[in-house]
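In: coordinates only, no sequence provided:
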């Protein structure tokens, strides 16, 4: 186990080293003209100011939780919490700092070296974020785990399990705030800028005359980059942590416990290395297909991960020994099959998401077509597509659950999700590429560079839309598949702590039905709050921009400069204010439900309802999140499809309808939808901590 | 028991007699000028033609099911199926026939006798439909139950239980087709007419120059009247039937069985009488508040129902005897408390729905306000409101489940839902009032009557929007509360038929999670299909209307007459074609899931997954349906609020945005949303029939 842990830590360090080296390579690139650097500087400044305030606010909540937790849960859990929170924040912060510097360099690269050079810088910048997310997540768990063991804790002890849950909680807390806060900022800016700019004033996207244009570009970085990084960091830590905790509980008396706990870490470790290798496969081929170049990197990683995972299993649990849990008996081969199932689920979700959000297929084209008959039919068709898009991923997840459970029980499901998440490095790399190219286009527009440059960055940006949707599908899909792992940890914890309480998880219990419904309403209420927050923030931006246009008529003639900073500042305040209440919803709901039902029906009923609530959150959360993320992506690309000259092209009535659809899709796909993912997990993690606290 | 059944049948006959007498009163009213009668005639003709085709298509499916069922399930179940289907069809058909005659009489009444006379005719027409729905539903169950007993079956025998389930299935089948088909017709027409008429051509609603205007009015009758009647008929039959079936299984060996089975019927019976009395309380007061007049009728019914239910309990189970099921022991008082809980849930759902869809409160006003910043923000806010509106009803339902279960177990929940549904007569009366006034306004507009008449009918129509939303909330709320009753019938049936199969309903089972997710996706997929169908039908209407405008330029000048019949015919074909596949989804899914899981994991796994699927459908279905119905109502009234002169009033940019929101809300609230209600129940009923078939 000691050697294995050292290997894992070395893999994590390799990812960090890759991040350092690659970010130097990115930063050494030419940052363009004075004007470009000035624009990029404004974006940097806004993004840093926002992130600083966001982290300050989270820190307040975090310190309160830390102090409370310290007394209720003990130091192992609370220190874990602090590590999870700080490292998640660090991954987002560093990633974003590279992004806001890579954007202008990508513009310059596209201007001087064309598509290949632009892609190179943007992708490298994304890869820095990706490897930092995976590497820091892995290091957080592995190093803290090693410290706990060195301090004399047994791997299967409760203090280790609680420490890992605390770590997950820290990551979840940052994630939900960052996803929501960043999401509200970016989409408030986007919606506001589009509505006044494109629709009312009739100026193109990223036009420097639009006072919200810098805010829009800041938003890409704080939402799509830092927010997404925190989300994936959390998904990684929760999944790997939960699988380890589950192993520590269900194989507590097994001699192979150490190996079974090490395995998820080692899978994460070896796949960080394959992800790093995979990044070198991203090269524009003769076909000049950007998506093709990115896929090459992903496929190389996935293919290399197969033998790598095989080696990880060989080095830990081996292939001869049989493990038993309940009625299931499995060997290393079963676990290998589970890991492969995880990779296949990842692949299928990517394919399905691309189908629903790509411009080459029926769904997006049907939205584009329906735009011809107006705003209303565009939105109806978009909503229909968003609802339909949940079916296939749900079936894939169901099959994944059944197959991996049959192979190796709940632990098998855990290994499958671990294998999915092990590719997080390269997936995040593909995703963070998006905001960089989006910014690069904005800078090209604002700096009034040759339209060729904008065309190049637009081509890069269009691909970013699809990769963004894919990442979200992947993150929420893993949450669905990981549902049983978290729920199993909850039930096993119950047995451990409260063996004397009779808990009935049967669907015939009214408390279970009540829990399912209460859990089911959380994503709806949470989604509503997120959407309203964006609506308010966007509406405020619209009024501010209208005011500036009214009071400074010179802006539209280009003789007066808009007050960019005011929009940024306004959105910063709005986002910070708006993110707090929705974030507290999943944090407090499990506690409230537990104590209310406890008072009414007793402890057994409260545990039943709480457990059912965890699954209820997953059942509706999965559909809410999948529908929002895919639907939003489809609306966005339907607009792009029309802008490419179909159904009347830019400026046509169909285009106006498509802009409306895109506006609706914005908070769907970038605020409410993705934030449901950490929301599901935070509810589960809080329930686990509640059990630990109650047992004290 | 014999006397009790006779009383129930007499109550049912009283409702039918009320229907006959009142419809004569409606039909004896003046039908207005030649021109008005001609318009009304065109609407009648279109509605009859549609309904004939709809029933013919359903008959084909029905006959296939009848023949299959006869061999697999025996005559009791199959005859029950036929009765349920035919009676549901009859209720819808007769109700619609009164509606299409009451519309023009309401117009004439409003023209000659003002608001009071218009309200009188419209409400009476609605009351005919309401009493026929409740009366025929009650008679179907009571008479068939009496026949089965007379044929020598024991009340607690399986043949009686299966016959009642068969009856419910017949009603469900009509309901899902009628809700979807009617919903697609009405909203296809509405969306199409609005998009070309209001938005493109700039002509007002119901303008006779719009070729889709007759189709729009036909749609009100076939969708909002006949479709809604079938839906509530089904909800009534399924709820009362399931409560009786549950009683027959769980109190099989109890001496009070007959009384416990009779009680739900008798509650239905006495409340039909209180509903009839309640209709006479609907009178316009000095305040001229239409909503107030309607509420007077509802409140009178609810208040009178309290002693009536008390008498029903006294006459059947009494107040002294204690019944025991599992750990729960209860008396007549407990059941009375459950019934009161049902009435309170109904009241709360009405209040909550009015809050979310009324123009006096924050949600609708927030949508109206957000229309100022454009189409996109209107839709974002509307979606947010629609999601938020699910939270309070869900909490009310959860509390209802917990309270009534604590009082009298699953049977107590059944009694609570029965009490809710017992008010169906008056609730449907309030609802069917809507399409009549909507039509009346259309006829006033097309016959170019004085604008005062239109103002009067508009005032009536605005109230119709809220009552429509209320009915939907009520129907779907009862489905949520009835969830446990249907699920309990499933689990008890399992124990009865397959005592040897080990079925695990614990949430820790992967099959249960798989079932929850598969069930959860059905409302999403079903909703997507419904929305797309409306989008397609609406889009086709838009093109047809544009074609007519293009080919006959005289239409817009008023010199040429549009081809109304073509739009009606087109929509008839489209609705019939589009309704089939979505309707088959809940019909076939339980069967497919059962056999797939059976092949993979064995019979126990298949029963677990199927059971979980039933709850999964309810969990997401409840939220999907509630959000769509309330959201749609809110969008509609936000538009009305703006038309009343706020945020710029008619013709302003805010109004255009609100029209878009209303268009999006149309299929939400009148097609996909309400159809989810029968969909939930049909899935459950099919599962029950599957058990019966498998045991043969």
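Out: Received the coordinates, thanks. Note that the structure is predicted; figures quoted are calculated from it, not measured. Residues are numbered from 1 along each chain as shown, chains lettered A, B, ... in the order given.
In: so residue A:320, which of the three states?
Out: When states are read from DSSP: H, G, I helix; E, B strand; the rest coil, the local structure at residue A:320 comes out as coil.
In: does it touch residue A:314 like I think?
Out: No: the criterion here is CB atoms under 8 Å, and residue A:320 misses it with residue A:314 at 10.4 Å. (Glycine included, C-beta is placed from N, CA and C.)
In: which neighbours do these two have in common?
Out: Counting by CB atoms under 8 Å, 6 or more residues apart in numbering or on different chains, the shared contacts of residue A:320 and residue A:314 are residue A:332.
In: what distance do you get for the closest residue to chain B within the stretch 151-300 of chain A to residue A:532?
Out: Closest residue of the stretch 151-300 of chain A to chain B, CB to the nearest CB: residue A:195 (4.9 Å). Separation of residue A:195 from residue A:532 (CB to CB, to the nearest Å): 16 Å.
In: re the thing from before, more crowded one of residue A:320 and residue A:314?
Out: More crowded of residue A:320 and residue A:314, by other CB atoms under 10 Å in any protein chain shown: residue A:314, with 12 against 8.
In: element containing that one?
Out: Assigning secondary structure by DSSP states H and E places residue A:314 in helix A:290-315.
In: go through that helix and flag the buried ones.
Out: Of all the residues in helix A:290-315, those buried under the rule 16 or more other CB atoms under 10 Å in any protein chain shown are A:290, A:293-298, A:300-302, A:304-305, A:308-310, A:312-313, A:315.
In: near chain B, from the residues you listed?
Out: Contacts with chain B are made by none of the buried residues of helix A:290-315, judged by CB under 8 Å from any CB of the partner chain.
In: any idea how far residue A:30 lies from residue A:108?
Out: 5 Å.
In: which one's more surrounded, the two?
Out: Taking neighbours as other CB under 10 Å, residue A:30 and residue A:108 compare with residue A:108 leading, 27 against 14.
In: what's near enough to touch the residue of the stretch 151-300 of chain A closest to chain B?
Out: A:538, A:542, A:663, B:373, B:374, B:376, B:377.
In: 6 Å - rerun?
Out: A:542, B:373, B:374 (CB atoms under 6 Å, 6 or more residues apart in numbering or on different chains).
In: from these, keep the buried residues only.
Out: Neighbour-count burial within those applies to A:542, B:373, B:374; the criterion is 16+ other CB under 10 Å.
In: am I right that the first one is in a helix?
Out: Right, the one you point to is residue A:542. Yes: using three-state DSSP, the assignment for residue A:542 is a helix.
In: pLDDT wise, what is it at?
Out: Note on residue A:542: pLDDT of 87.
In: separation between the nearest residue to it once chain neighbours are set aside and residue B:599?
Out: Of all residues not flanking residue A:542 in the chain, residue B:373 sits nearest, at 4.6 Å (CB to CB, 6 or more residues apart in numbering or on different chains). Note on residue B:373: its distance to residue B:599, by CB to CB, is 54 Å.
In: the one helix or strand residue A:617 maps to near chain B at all?
Out: For residue A:617, the host element (DSSP H and E) is helix A:603-643. Yes: shown here: helix A:603-643 in contact with chain B (CB under 6 Å from any CB of the partner chain) through A:615, A:619, A:620, A:623.
In: who in the stretch 501-650 of chain A is up against chain B?
Out: Selection of the stretch 501-650 of chain A residues close to chain B by CB under 6 Å from any CB yields A:505-508, A:510, A:513-514, A:516-518, A:520-521, A:524-525, A:527-528, A:531-532, A:535, A:539, A:542, A:615, A:619-620, A:623.
In: in helices only, show me these.
Out: Of those, the ones assigned to helices by DSSP state H are A:510, A:513-514, A:516-518, A:520-521, A:524-525, A:527-528, A:531-532, A:535, A:539, A:542, A:615, A:619-620, A:623.
In: residue A:317 should be in a helix, yeah?
Out: No: according to three-state DSSP, residue A:317 belongs to no helix; its state is coil.
In: you'd agree it is up against residue A:332?
Out: Yes: at 4.9 Å, residue A:317 and residue A:332 qualify as touching, with contact defined as CB atoms under 6 Å.
In: is the most centrally placed residue in chain A within a helix or a strand, and which one?
Out: With distances taken as CA atoms, centre = their mean, residue A:231 lies nearest the centre of chain A, 3.6 Å away. Using DSSP H and E, residue A:231 sits within helix A:228-250.
In: just how off-centre is that helix within its chain?
Out: Helix A:228-250 sits 14 Å away from the centroid of its parent chain (CA atoms, centre = their mean, to the nearest Å).
In: next SSE downstream of that helix?
Out: Downstream of helix A:228-250, the first helix or strand assigned by DSSP H and E is helix A:257-279.
In: is the host helix or strand of residue A:677 anywhere near chain B?
Out: If you go by DSSP H and E, residue A:677 is part of helix A:673-695. No: legend: contact between helix A:673-695 and chain B by CB under 6 Å from any CB is lacking; minimum distance shown is 11.3 Å.
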